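Engineer: Here's my sequence, what's the structure:
(2 chains)
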Amino acid sequence: MHEDLNQKISQFIDNELEQQEALNLLKSIRSTPTLNRQYNHHRTISQAIKTDTVVFVKADFATSLSKKLQHEPVYFLPQRHTIKNNFKHIAIAASILTVAIITGYNFNVFQQQSYVTSNLQMTKNTQKDQPNEVAKALEGPINQKINDYLQAHNIMSPNNESLYQPYARVSSYNQK
Amino acid sequence: MSNQTKFSEQLDEDLVMRVQQGDKSAFDLLVIKYQHKIVQLVNRYIKDPSEAQDVAQESFIKAYRALPDFRGEAAFYTWLYRIAINTAKNHLASRRRRYFNYHVDIQDAEDIEYAPQLQGMETPERQLLNQEIVDTIHSTIEKLPEEMRTAIMLREFEDMSYEEIAEVMDCPVGTVRSRIFRARDAINNKLTPLLDNGDFDA
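Structural biologist: Reported below is the predicted structural model:
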């Protein structure tokens, strides 16, 4: 048990002890003078190896400081950790919402495009028989410019043919 | 961030939060964790081990008083080191002022100039003891079995983590942990009589 704690002191000095274990070890060091002595020795040795200087720390350094701090106020601050966590949750929720909005928007656009595409496809198939349906499909807001363009060509057309048939007409005009 | 730093900073963060929420005893644990580093740091400025203990304690008291303002933007230890350095510098400045107040004779100018260094000198006995400790440490390390010597040297001189040492030495992390501990234990056994002779030990 004692050997195990001594090994943990060695790990703690190297910052290789996990949080909870380190916390428990610090509590043991505070309450057990022999362990505190071991800890002091290991710290002193470690510093001496690194720096070639030896600086002793009084064995009662922490306890005497604790006595001095007895008259100091006790703090009761709001839980910083909780606020931090709340920020995390808000950030996650905002990210999910943003992704949902973008996905929703993309889905709508896709649906609209596929609606127009299928309509155009259908229009192509039935163009000769039902010319008015082409016009209906082109009435969508996305094709407003195309619509305007085609209308403009219709207006310019010398043969006063029926509206919304110009697509084939313009093509044939170019071909000529 | 390495695992080592992460463990250490997580512990500090937890302890600081406990103090801020009314657990005063958590500050004792922070003191136990950092007392050696702070005393050593302060001693580099003060150059008087006995005085360094008092200044280090003053630094911890200042840190406790300032803890409500600590928001965790920087790591706790860098914040604490800054307080300790400022406290040590202020202490040196006040020591110089005291010296000037009592020794105003212009002929003492040279003494005044060197006063801090003179005041910071350790006693010859202390210097001898320190040298003996350092020599014993080095000679003990030299006599250690090769695996233990390599492990402790990579840890202390190269500041490598257990995982890195395990990779270098081609052995499990548990073996590295054990070798380092046994090396430290061997040094400690050799040094205990000397360390117990240190003025500041119990």
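
Engineer: Report the contact partners of the most centrally placed residue in chain B.
Structural biologist: Closest residue to the average C-alpha location of chain B: B:K37 at 2.2 Å, with CA atoms, centre = their mean. Applying CB atoms under 8 Å, 6 or more residues apart in numbering or on different chains to B:K37 gives the contacts B:Y77, B:Y81. Bear in mind the C-beta positions are built from the backbone N, C-alpha and C, glycine included.

Engineer: Work out for me the element it sits within.
Structural biologist: helix B:25-46 (DSSP states H and E).

Engineer: which ones are touching residue 57?
Structural biologist: Using chain A here. For A:V57, the contact set (CB under 8 Å, 6+ apart) comprises A:N40, A:R43, A:T44, B:Q35, B:H36, B:V39, B:Q53, B:F200.

Engineer: wrong one, chain B
Structural biologist: Contacts of B:Q57 were listed using CB under 8 Å, 6+ apart, and they are A:F61, A:S64, A:L65, A:K68.

Engineer: Quick check: which ranges of chain A have low pLDDT?
Structural biologist: Within chain A, the segments meeting pLDDT under 70 span A:1, A:79-87, A:115-143, A:153-176.

Engineer: What ranges does it have for its helices?
Structural biologist: For chain A, the helices defined by DSSP state H occupy A:2-13, A:19-31, A:33-51, A:61-68, A:80-126, A:131-137, A:144-156, A:166-175.

Engineer: And for chain B?
Structural biologist: B:3-20, B:25-46, B:49-66, B:76-102, B:109-120, B:124-143, B:146-156, B:162-169, B:173-197.

Engineer: how far off helix B:146-156 does the shortest one point, in degrees?
Structural biologist: Which is helix B:162-169. Per axes from the mean of the first three to the mean of the last three CA atoms, to 10 degrees, the angle that helix B:162-169 makes with helix B:146-156 is 140 degrees.

Engineer: same deal with the second one?
Structural biologist: Here helix B:25-46 points in a direction 90 degrees away from that of helix B:146-156 (the same axes, to 10 degrees).

Engineer: Please tell me how far helix B:25-46 is from the chain's geometric centre.
Structural biologist: Per CA atoms, centre = their mean, to the nearest Å, the displacement of helix B:25-46 from the mean C-alpha position of its chain is 6 Å.

Engineer: just the shortest one next, same as before
Structural biologist: Using CA atoms, centre = their mean, the mean C-alpha position of helix B:162-169 is found 26 Å from that of the whole chain.

Engineer: That one relative to helix A:2-13, how many degrees between them?
Structural biologist: 90 degrees.

Engineer: in helix B:162-169, what counts as buried?
Structural biologist: B:Y162, B:E164, B:I165, B:A166 (16 or more other CB atoms under 10 Å in any protein chain shown).

Engineer: who does it touch, helix- and strand-wise?
Structural biologist: Packing partners of helix B:162-169 (3 or more CB pairs under 8 Å, 6 or more residues apart in numbering or on different chains; DSSP states H and E): helix B:146-156, helix B:173-197.

Engineer: Return the residues in contact with B:L30.
Structural biologist: B:D12, B:L15, B:V16, B:V19, B:F76.

Engineer: now these: which count as buried?
Structural biologist: Neighbour counting over those (16+ other CB under 10 Å) leaves B:D12, B:L15, B:V16, B:V19, B:F76 as the buried ones.

Engineer: Against chain A, how distant is the first one?
Structural biologist: Distance, B:D12 to chain A, using CB to the nearest CB, to the nearest Å: 10 Å.

Engineer: Near A:H89, how many other residues are there?
Structural biologist: Using other CB atoms under 10 Å in any protein chain shown, the number of residues around A:H89 comes to 9.
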